[in-house]
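Participant: fold the following for me, if possible:
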Amino acid sequence: MILRYLRRRDWAMVACCVALITGQVYLDLRIPEYMSEITYHLQAGTATEVIASCGVDMMACAFLSLGMAICTATLAARVASALCRTLRDRQFSAVSGWSRQDLDSFSVASLVTRSTNDVYHIQQFMARAINMVIKAPILAVWAVFKITSSAFEWTAVTALAMVILLVSMGLIMSRGIPYIRRMQWFVDAVNGETREELEGMRTIRAYNGEAHRTRSFEESSDNLLGNSLSAVHIMSPMHPLATSMMSFLTMAIYWVGAGLIQASAGNTQEQMLLFSDMIVFTSYATQVLSAVMMASGILRELPNVMVSSRRIEEVIEHEPALGDGALAAADASDPGEVSFEDVSFSYPGTGVEVLHGVSFSVRKGETLAIIGPTASGKSTLVNLIARLYDASSGRVTVGGRDVRDYSEDELSSMVGYVPQTAVVFSGTMRENVCYGGSSGKGDDEAMRAVRIAQLDDLVERLPNGLDSDVSQHGWNLSGGQKQRLSIARAVCKDPPIYIFDDTFSALDSRTDRNLRDALARETAGATKIIVAQRVGTILDADRIVVLDRGRVVGYGRHSELMEGCELYREIARSQLEDFDDER
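Facilitator: Sure thing, here's the model as predicted:
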């Protein structure tokens, strides 16, 4: 239940709401009694001062009830806002600790919807429900108690109206709830289409794909529209039906009351009492139906809110696919050593092995390169070192210990990972370089990382240097600049192991060469694992792993592979212009 995320202070405010609503209902039900007294005094010719006194008391009840209603609404809004803030924080914290494997279980569009649209639904529902859920039963019970002490005929008419209204609303809701439950899934689809459009805008325009994307978006939008209209068409009669029932009930009470008054012809005193009772009963009866309308409004929204609650709890309570170990980085016997021992891997749910029996090792301070054709498993292999996924079989070790035995934070502190696609955050250059665990580092360390990444020329040209702004997704930087900024972030972290997943592909040959020389010079004691497409990038590597369809088909230095690995020789000959002069 979502309510378990309410804090003690929130429950205290809910208790205040109960007290305020109880007082509000009492005052609202006192107003008809004052109306009855005023009616009786008018018919009896009572002094004006007495009638005015009743009127003043009635006005006081009305204003006090208004004040209590305002206080209740304010407290309810605060409770709803506090709950939704907690839900957003819990979702963000949960997702922040997920691995890539966990993220594969939820689409990005769905996660965005769950933390925005679903939370908003709950906030709006809670703000109304705290008032209505408390007020409806109190009002109904209190008003029914008042009604049952009146004439049986009026009570019977009111009971019949309630039965008709409840049955009608039940039939309407039973038809409309399935459409309401499906609403969120269609919202996810529209959000997904919008996200793809924004992220792939350049590609879409380059291939004149606007028409196709428009059709795809319109299809998702039409599905949402159709489902929404169906729900609206089915549920829309509820409010007019309740309003009409209140009008018919008032007419029925007056009609029955007229008969009772006529039956008391000749007894003026009794007729006056019946008339004043009829006024009071009409008010009570409409209060009962108002309580039913409140309950129906909550019930109408409840299915949608239950779906949103379930979707939010799926995120918060999701058990990470990768368990967290207990080892610290200090427990590693040799922090820079990495080894694969007969490792095989298949992505969850596919059943197709991407890596088959991979075994190799790299010692501290060495440079290991990984090369191979497209889709040979290079990126998958390094993902296992950073433990974005766990091996299906075999063992990956860092510092002589299985990566599964380290805690997530400790393993992350040992690895500086630079992915294929550069990730840049909005903020400043400094915030991007000194990110996370490096946030406390000074200008000297930040500039050292920038120089190694060959980004110092850009930083020095910027008017504010390291404090220059970086836009969202780094739109004000080129592809190569973003890639170098990602490299600078890893260098500033100063880990014992660097992983460069095809990081140098966006760099020209000169920058590539200068950057690798700087890395070799400034991070000599660290292990460097480089995934590359260009042979020229890895000529100086201590060891090169050649992958083909997930299998190791070559392992050694460049010169050894040129002699003993046909696939590597083919790749080298296709890339190196003067093959005979290469090492």
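Participant: please count neighbours and contacts with C-alpha atoms only from this point.
Facilitator: Will do.
Participant: ok now stretch 489-497, how far from the chain's centre?
Facilitator: Taking CA atoms, centre = their mean, to the nearest Å, one finds the center of stretch 489-497 at 31 Å from the center of the full chain.
Participant: list of residues touching that stretch?
Facilitator: 335-336, 364, 413-418, 432-435, 437-438, 445-446, 448-449, 452-453, 498, 525-529 (CA atoms under 8 Å, 6 or more residues apart in numbering).
Participant: which of those residues fall within helices?
Facilitator: Judged by DSSP state H, helices contain the following of the contacts of stretch 489-497: S413, M414, N432, V433, E445, A446, R448, A449, I452.
Participant: just give the nearest non-adjacent residue to the fifth one, would you?
Facilitator: Spelled out, that is E445. The shortest distance from E445 to any non-neighbouring residue, by CA to CA, 6 or more residues apart in numbering, is to C492 (6.6 Å).
Participant: what does the pLDDT read for the one you found?
Facilitator: Per-residue confidence (pLDDT) for C492: 90.
Participant: tell me, how many neighbours does E317 end up with?
Facilitator: Burial measure for E317: 11 neighbouring residues, criterion other CA atoms under 10 Å.
Participant: per-residue pLDDT, it?
Facilitator: What the model reports for E317 is a pLDDT of 88.
Participant: what's around F145, how many residues?
Facilitator: 12.
Participant: where's it relative to E33, distance?
Facilitator: Taking CA to CA, to the nearest Å as the measure, F145 falls 14 Å from E33.
Participant: centroid-nearest residue for this structure?
Facilitator: Residue closest to the average C-alpha location in the chain (CA atoms, centre = their mean): S115, at 2.3 Å.
Participant: which residues touch it?
Facilitator: By CA under 8 Å, 6+ apart, the contact list for S115 reads L87, R88, Q91, I312.
Participant: with Q271 instead?
Facilitator: Counted by CA under 8 Å, 6+ apart, Q271 has contacts I261, S264, A265.
Participant: sort out for me which of those residues are in helices.
Facilitator: Reading helices off those with DSSP H, I get I261.
Participant: as CSV, the contacts of Q271 with pLDDT and distance to S426 would be great.
Facilitator: Converted to CSV, the contacts of Q271 look like this (pLDDT from 0 to 100; distance: CA to CA, whole Å):
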residue, pLDDT, distance to S426
I261, 80, 77
S264, 75, 82
A265, 71, 84
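Participant: which one of the contacts of Q271 is nearest V546?
Facilitator: I261 (101.6 Å; CA to CA).
Participant: now the closest one. Nearest residue, chain neighbours left out?
Facilitator: Per CA to CA, 6+ apart, closest to I261 is Q271, 5.3 Å.
Participant: figure out the helix or strand that the one you found lives in.
Facilitator: Taking DSSP states H and E as the definition, one finds Q271 inside helix 268-316.
Participant: continuing past that helix, what's the next helix or strand?
Facilitator: Downstream of helix 268-316, the next assigned helix or strand under DSSP H and E is strand 338-346.
Participant: that following strand - contacts with which helices or strands?
Facilitator: If contacts are counted by 3 or more CA pairs under 8 Å, 6 or more residues apart in numbering; DSSP states H and E, strand 338-346 sits against strand 353-362, strand 393-398.
Participant: out of these, flag the one nearest R549.
Facilitator: So among the helices and strands packed on strand 338-346, strand 353-362 is nearest, using CA to CA, at 7.2 Å.
Participant: pull out the buried residues from stretch 53-63.
Facilitator: Residues C54, G55, M58, C61, A62 are the ones in stretch 53-63 that count as buried (16 or more other CA atoms under 10 Å).
Participant: turn the residues you listed into CSV, columns for pLDDT and secondary structure.
Facilitator: Below are the buried residues of stretch 53-63 laid out as CSV (pLDDT from 0 to 100; DSSP: H, G, I helix; E, B strand; the rest coil):
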residue, pLDDT, secondary structure
C54, 83, helix
G55, 84, helix
M58, 86, helix
C61, 90, helix
A62, 90, helix
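Participant: which residues of the stretch 351-500 of the chain score low on pLDDT?
Facilitator: Counting by pLDDT under 70, the ranges of the stretch 351-500 of the chain that qualify are 437-440.
Participant: recalculate using a threshold of 80.
Facilitator: The model of the stretch 351-500 of the chain has pLDDT under 80 over residues 351, 436-442, 472-474.
Participant: just the strands in it please.
Facilitator: Listed in chain order, the strands of the stretch 351-500 of the chain (DSSP state E, counting those that start in this stretch) span 353-362, 367-371, 393-398, 401-402, 415-418, 427-428, 469-470, 497-501.
Participant: now do the third one and strand 338-346, the angle between them.
Facilitator: It refers to strand 393-398. Orientation of strand 393-398 against strand 338-346 (axes from the mean of the first three to the mean of the last three CA atoms, to 10 degrees) gives an angle of 150 degrees.
Participant: now do the buried residues in strand 393-398.
Facilitator: So for strand 393-398, counting by 16+ other CA under 10 Å, buried means G394, R395, V396, T397, V398.
Participant: out of the residues you listed, who's nearest L368?
Facilitator: Looking across the buried residues of strand 393-398 and measuring by CA to CA, the closest to L368 is V398, at 14.2 Å.
Participant: what sits against the closest one?
Facilitator: Applying CA under 8 Å, 6+ apart, the residues near V398 are A332, D334, P335, G336, E337, V338, S339, I385.
Participant: residues of the helix or strand containing I253 that come out buried?
Facilitator: According to DSSP H and E, I253 maps onto helix 238-263. Within helix 238-263, the residues scored as buried using 16+ other CA under 10 Å are 238, 242, 245-246, 249-250, 252-254, 256-258, 260-261.
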